[in-house]
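Colleague: Okay, sequence plus prediction incoming.
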Amino acid sequence: MSSNKRCAFSQHIISKSLNSALYITISLCITAVGLSGMGLTIMYFVIAVFSTQYARRHCYQGFWLVHSTYPIFYILMLMHGCGRLVQAPFFYYFFLGPVIVFTIDKLISLSRKKIEIVVVKAELLASGEFRGQRGKVE
C-alpha cells in the first residue's frame, strides 16, 4: 500500500497487473468523475461537429439545439471538478473567471433585447438576402 493518500487508486496504479487496469477503468466509468468526464467529452465532440460551417449552413436547427445545451455542459463541469478521485478539487480557480464573464455577457444580452428597432424600408434581393434601412424610434 502506498503512502499517497491523495490518490484513491494508489494501490492499483502502483501494481502493474492487467486486473488492476481493468478495475481502474471500471471504477472510472461508474464514478461521478468518470461519467461526467465521458459526458463532457461526448458533448464537446458534438458541439465541435455542429460548429462547422457545413453544419451551420445545412442543419442550423441542430446547431442551435446543440449549442443551447450549454447549461448541461456547465453542470457536468461542476460534477467533474468537484470529485476527489485523484486530488483535492481546486477547479474553482479556473471555473470562476469564465462564469463571471458569461454572466456579464448574458446581462448585456438581456439589456440589448429591450432595444426597439424600427425598419423603415426592406427589399428582397435576387440572391435571396434582405437589404433594409433602419430608422429612429420616436
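Modeller: Looks like it arrived, so ask away.
Colleague: what stretches of the protein score poorly on pLDDT?
Modeller: Across the chain, the ranges flagged by pLDDT under 70 are 1-21, 27, 85-86, 134-138.
Colleague: could you redo the last one with a cut-off of 90?
Modeller: Where the chain drops to pLDDT under 90, the residues are 1-38, 55-60, 67, 70-71, 73-99, 102, 106, 108-138.
Colleague: For the protein, which segments count as helices?
Modeller: Ranges of helices within the chain are 10-14, 18-30, 32-50, 53-58, 60-67, 70-82, 92-112, based on DSSP state H.
Colleague: Any idea what E123 is bridged to?
Modeller: Counting by DSSP bridges, E123 is bridged to R131.
Colleague: quick one: contacts for it?
Modeller: 130-132 (C-beta atoms under 8 Å, 6 or more residues apart in numbering). C-betas here are computed from N, CA, C, even on glycine.
Colleague: before we move on, what about C29?
Modeller: Applying C-beta under 8 Å, 6+ apart to C29 gives the contacts 35, 38.
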